[in-house]
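1. the sequence isn't on hand, but the structure is:
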């Protein structure tokens, strides 16, 4: 009997020790997955109001997570937008403007800290599958900026010599497909690229299920020219463009399923958004930003307000819809807070939006967001519910004949001659200029703009900023 009690006591002590050890075992840091599309409009997701494109996986992601209705890309064009979300900086702060092409000899500076580098310092394994677009020379490639693996293209998928309908239009080399730092093929027909990106993403998740990882999936689609696999060709009610979005939605579903199958769903932060609004001149091959005004290449809401969904079951309440403004520059510091990572040594512009995302605060994390385009031109400012525009020139397809089947229409240019002010909470389509009715708001936002102009400049007023940094310049020895 004594022996029996001794065994029982020993078993209890061992059990308690195991429980204590399990409780004391530190939780692994969350994995991070950032899915980033190209030229996708605000309305091109079911839960954001698409009338004719089915996106069941994104809709489910929103039901399981958080949907932001006032999320802004860092700028209304490819390279600049990517620079913003990966560094937490306004793109003009770090010298990245417009869309870098095969003839550019600059790119992201190696003194900048990317999201991948920040997480790599915390022991994360990192990968990018898709479009890079922050410099195509070797010293600018993602493998030199924090990514362990890369499969994809270095710039936009239209930056090659032969357009499917138009024939030769650019004096550029063939579109290269990279595996890390090696060109493994040239792409003319891209119908399998979304599938290949997805398969690699799923494989990366499986290979890294036992260690923290950062997976960046910047799809080249739905940037024109549009390509889709046979799996989705002719499947949507919205033509080829809708087919492409349905395939991207499928890709999201494959990634989500891989996380679930490997027991990673609960402790993984998944973000879905896009780099800028739709390229409206392409008509039926472009997305829709409705009910927003205008699209890609403008500071109007349709140019930079994007669909945004974030899922993180461990810490985010499911089914939330948040209306407070957040910008791409806030993503890096938000991820830094969630992973206990050190922020970059250089000045950044973003602030953590975690309190907004959790619903513990309805106050915007920034007093104002500044809208730049082209070479450092400050077009507008959002502060609270107000969006103010400074006089500038912008393009529109309003009243123009849109393009069709891969051929673009011609933009009309408009000169905005006076300051305009819109209440974008109550007038989401920006139809009523209320500047004359709210002079005190105009003056307050002008002061905020002047402070930022001192720091980042404004080429519309020929002002140089005191805090801007140079991009990386081509080192001939690195070729």
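-> Arrived safely. As the structure is a prediction and not an experimental result, all values here were calculated from the model.
2. which residue ranges form the strands in the stretch 351-479 of the chain?
-> Ranges of strands within the stretch 351-479 of the chain are 369-373, 377-383, 386-389, 393-396, 412-415, 420-423, 457-458, 463-464, 472-473, based on DSSP state E, counting those that start in this stretch.
3. which parts of the stretch 201-350 of the chain are helices?
-> 239-261, 301-304, 331-339 (DSSP state H, counting those that start in this stretch).
4. among the ones you listed, which is the most enclosed?
-> Among these, ranked by average contacts under mean count of other Cβ atoms under 10 Å, first place goes to helix 301-304 (a mean of 30). Bear in mind the C-beta positions are built from the backbone N, C-alpha and C, glycine included.
5. which elements pack onto that one?
-> Of the remaining helices and strands, none touches helix 301-304 by 3 or more Cβ pairs under 8 Å, 6 or more residues apart in numbering; DSSP states H and E.
6. what sits against residue 425?
-> 323, 385 (Cβ atoms under 8 Å, 6 or more residues apart in numbering).
7. measure it to residue 69 for me?
-> Separation of residue 425 from residue 69 (Cβ to Cβ, to the nearest Å) stands at 10 Å.
8. okay, and the common contacts of the two?
-> By Cβ under 8 Å, 6+ apart, residue 425 and residue 69 have these common neighbours: residue 323.
9. quick one on the thing from earlier: hey, which of the strands of the stretch 351-479 of the chain is tucked in deepest?
-> Stretch with highest mean neighbour count among those: strand 369-373 (a mean of 26; mean count of other Cβ under 10 Å).
10. okay, now residue 288: neighbour count?
-> The number of residues packed near residue 288 is 24, by other Cβ atoms under 10 Å.
11. one more: residue 448?
-> Using other Cβ under 10 Å, the number of residues around residue 448 comes to 15.
12. could you measure from it over to residue 205?
-> Taking Cβ to Cβ as the measure, residue 448 falls 42 Å from residue 205.
13. next up, the contacts around residue 271.
-> Going by Cβ under 8 Å, 6+ apart, residue 271 touches 32, 33, 34, 35, 308, 309, 310, 331.
14. which residue sits closest to the last one in space, ignoring its chain neighbours?
-> The shortest distance from residue 331 to any residue that is not its chain neighbour, by Cβ to Cβ, 6 or more residues apart in numbering, is 5.5 Å, and that residue is residue 85.
15. and the one you found, helix, strand or coil?
-> Under DSSP: H, G, I helix; E, B strand; the rest coil, the three-state class of residue 85 is helix.
16. neighbours of it, how many?
-> When neighbours are counted by other Cβ under 10 Å, residue 85 comes out with 27.
17. residue 334 is in contact with that one, correct?
-> No: in this structure, residue 85 is not within contact of residue 334 by Cβ atoms under 8 Å, at 11.0 Å.
18. excluding chain neighbours, what is closest to residue 464?
-> residue 457 (5.0 Å).
19. show the pLDDT at that neighbour.
-> Note for residue 457: predicted pLDDT of 95.
20. and for residue 13?
-> So residue 13 comes in at 46 (pLDDT).
21. and the average pLDDT for stretch 73-81 is what?
-> Rounded mean pLDDT across stretch 73-81 is 97.
22. quick one: contacts of that stretch?
-> For stretch 73-81, using Cβ under 8 Å, 6+ apart, the contacting residues are 38, 83-85, 90-92, 96-100, 133-134, 155-156, 223, 273-277, 296-299, 303-306, 327-329, 371-373.
23. end to end, how far does it reach?
-> 6 Å (Cα to Cα, to the nearest Å).
24. likewise for stretch 310-329?
-> 15 Å.
25. what residues sit buried inside it?
-> By 16 or more other Cβ atoms under 10 Å, the buried positions in stretch 310-329 come out as 310, 311, 312, 316, 322, 324, 325, 326, 327, 328, 329.
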